[in-house]
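Visitor: The following block contains a protein sequence and its predicted model.
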Amino acid sequence: MNLSHTYLALPSQLYRTCPPTAVSAPALLAYNAAFGNDLGLDEHWARSQEGIDFFAGNANRDTYASIASAYSGFQFGQYNPQLGDGRALLLGELVTGDGTAHEIQLKGAGPTPYSRGGDGRSALGPVIREYLMSEAMHSLGVPTTRALMALRTGDTVIRDRLQPGGILVRTAPSHIRFGSFQFAAARHDEEALHALLDLAFTRHYPLVTAELRTPQNLLKRVTEATAHLIAKWMSIGFIHGVMNTDNMSIGGLTLDYGPCAFQDAFSWQRVFSSIDTGGRYRYAQQPNIGLWNLARLAEALLPIWPGNESEKIAQAEAILHTFKPTFEHQRNALFAAKLGLRNDDTVFQTTIEPLLNFLEEYSLDFTLSFAHLEALSKGDVERLHLVQSALEEHEKLESFWHEGSFEQTQWQHNVTNPLVIPRNHQIEAAIKSAEQGDNQDTLRLITLYTSKSAQQTLTADDIRGPEPGEWIGRTFCGT
């Protein structure tokens, strides 16, 4: 596999070289053939034992020039000065014909210098969860890291119990995090800050000319990208779960699918992380946390920001003040489109918020409720029948709709609400089957979440929310 290794040219304090650790019996669980073809990979090689051995860390050690990157982070508001890739290894980047770089990273390939006493491995469950979540998010049009391959290792890991191990092969233009800049800033390392700045522009904002590749322009770009990203999360009911600054991408990508989930029965205060006991990263709080994290990024950029201290702070604050109006405009537009409404500055407060409050009051499913209203508005009998078969108490929603102003909406032909989202109960069932050696449920969900043709023949079981005994209110990162 012909990989480039840009990170090896960065200041050495930003990474440590580290080969993956071989596993007992690597085997392919899932391969993203369509994405692999986009990357120019030979599918026959990728599926062969040689390809599987390479991605599992079982090739000759001289084959690898892999690195673990260093970063810091605010975790639940508390600064941790030394984090880094504890179970991730960057193999290098694959450059496609158009000159675009795609970093290839292994998650779960063994201990690194930043493992902090951990085994550097991943259980199979989190590998399956991230593969399904990231590819579903991509299909839903959300900026995200991508999943290329999921592997079994043939080994077990010890978490709350013995579990089969797995490795995820994921890609992104870069895996630079807000915490990457925090790591360099905390060490007063201007060389590293400048190197990260240049690479961030090259990978995520390549059209910006050299003279405009400044700290203030990077903050401006990242602020806008993050506002758009979180608005998109909110519009599909997604809860990231752990929005620490080390889990925030400098490119505005959804990064690190540990404790995360989509809303089933809607709640503003919904939390899915087992460790977020205070609700810091609850659904309604995500925009505020996004801005808080951006302020921490701004602080990390100040050492290389031109001007005196007061000028720097004033300029950074001016940029950060653009987050709220950018987010609100994008959120309003996305939610207005979900109801076929004309977008304006008041639509969220006057129409969307009351609807969401209604969904919360009656514990109605977020995704299916919007799909139901769309079917009602369009008079789509087939879609309406499907949604009603999966959405209990849909009569309440219909009454609310008829009593409101929704009948006057003019639906745009190209606007549709998703019927299919990754559901916790579906994913957990697939994980349990995979732990017993059966890949079929996982492969079926990959197709369900990503294939347009598969979504033309949906059943109620494909789209329904969990039954009371199936509801899963907490997910885990797998470390």
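Guide: It's in.
Visitor: Would you indicate which residues of stretch 351-364 are buried?
Guide: Neighbour-count burial for stretch 351-364 flags Thr351, Ile352, Leu355, Leu356, Phe358, Leu359, Glu360, Leu364 (criterion: 16 or more other Cβ atoms under 10 Å). To be clear about C-beta, it is placed using only N, CA and C from the backbone, and glycine gets the same treatment.
Visitor: And for stretch 46-57?
Guide: Using 16+ other Cβ under 10 Å as the test for burial, stretch 46-57 gives Ala46, Arg47, Gly51, Ile52, Asp53, Phe54, Phe55, Ala56, Gly57.
Visitor: hang on, the earlier thing: rebuild the buried residues of stretch 351-364 as JSON lines, extending it with pLDDT and secondary structure.
Guide: Output for those, formatted as JSON lines (pLDDT from 0 to 100; DSSP: H, G, I helix; E, B strand; the rest coil):
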{"residue": "Thr351", "pLDDT": "89", "secondary structure": "helix"}
{"residue": "Ile352", "pLDDT": "92", "secondary structure": "helix"}
{"residue": "Leu355", "pLDDT": "94", "secondary structure": "helix"}
{"residue": "Leu356", "pLDDT": "96", "secondary structure": "helix"}
{"residue": "Phe358", "pLDDT": "95", "secondary structure": "helix"}
{"residue": "Leu359", "pLDDT": "96", "secondary structure": "helix"}
{"residue": "Glu360", "pLDDT": "96", "secondary structure": "helix"}
{"residue": "Leu364", "pLDDT": "95", "secondary structure": "coil"}
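Visitor: So which of those is the closest to Gly179?
Guide: Each of those was scored against Gly179 by Cβ to Cβ, and Leu356 proved nearest at 32.1 Å.
Visitor: so the closest one sits right up against Phe266, yeah?
Guide: Yes. Leu356 is within contact range of Phe266, at 6.3 Å (criterion: Cβ atoms under 8 Å).
Visitor: need the buried residues of stretch 351-364 in a markdown table with distance to His240, can you?
Guide: Listed next are the buried residues of stretch 351-364 as a markdown table, based on distance: Cβ to Cβ, whole Å:
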| residue | distance to His240 |
| --- | --- |
| Thr351 | 26 |
| Ile352 | 21 |
| Leu355 | 23 |
| Leu356 | 18 |
| Phe358 | 25 |
| Leu359 | 20 |
| Glu360 | 20 |
| Leu364 | 23 |
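Visitor: now the closest residue to Gly110 other than its chain neighbours: how far from Gly154?
Guide: In space, and not counting its chain neighbours, Gly110 is closest to Thr21: 2.9 Å by Cβ to Cβ, 6 or more residues apart in numbering. For Thr21, the distance to Gly154 equals 13 Å [Cβ to Cβ, to the nearest Å].
Visitor: Then Gly117?
Guide: In this view, Gly117 and Gly154 are 24 Å apart by Cβ to Cβ.
Visitor: Over to Leu376?
Guide: From Leu376 across to Gly154, the span is 51 Å (Cβ to Cβ).
Visitor: So Thr21 and Gly154 - more neighbours on which side?
Guide: Between Thr21 and Gly154, counted using other Cβ atoms under 10 Å, Thr21 has the larger neighbour count: 18 against 13.
Visitor: ok, that one to Thr112 distance?
Guide: According to Cβ to Cβ, Thr21 and Thr112 sit 10 Å apart.
Visitor: which residues sit against the helix or strand harbouring Ala46?
Guide: Using DSSP states H and E, Ala46 maps to helix 43-47. For helix 43-47, the external contacting residues (Cβ atoms under 8 Å, 6 or more residues apart in numbering) are Leu28, Tyr31, Ala33, Gly36, Asn37, Gly51, Phe55, Met149.
Visitor: Next step: those restricted to helices.
Guide: Secondary structure from DSSP state H places Ala33, Gly36, Asn37, Gly51, Phe55 of the contacts of helix 43-47 in helices.
Visitor: Tell me which two of those sit farthest apart.
Guide: Within the ones in helices among the contacts of helix 43-47, two members stand farthest from each other by Cβ to Cβ: Asn37 and Phe55, at 16.5 Å.
Visitor: Show me where the protein has its strands.
Guide: According to DSSP state E, the chain carries its strands in the segments 15-17, 27-31, 67-69, 73-75, 78-80, 88-95, 101-107, 122-123, 146-158, 162-172, 238-239, 261-262.
Visitor: Format these as a markdown table; extra columns: distance to Leu386.
Guide: Shown next, in a markdown table, are those (distance: least, Cβ to Cβ, whole Å):
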| stretch | distance to Leu386 |
| --- | --- |
| strand 15-17 | 50 |
| strand 27-31 | 27 |
| strand 67-69 | 45 |
| strand 73-75 | 42 |
| strand 78-80 | 46 |
| strand 88-95 | 40 |
| strand 101-107 | 36 |
| strand 122-123 | 35 |
| strand 146-158 | 28 |
| strand 162-172 | 33 |
| strand 238-239 | 23 |
| strand 261-262 | 19 |
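Visitor: what about the helices in the stretch 201-350 of the chain?
Guide: Along the stretch 201-350 of the chain, the segments classed as helices by DSSP state H, counting those that start in this stretch run 215-236, 286-301, 309-320, 323-338, 347.
Visitor: Switch the ones you listed over to a markdown table; also include mean neighbour count.
Guide: Converted to a markdown table, those look like this (neighbours: other Cβ atoms under 10 Å):
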| stretch | mean neighbour count |
| --- | --- |
| helix 215-236 | 22 |
| helix 286-301 | 20 |
| helix 309-320 | 15 |
| helix 323-338 | 18 |
| helix 347 | 18 |
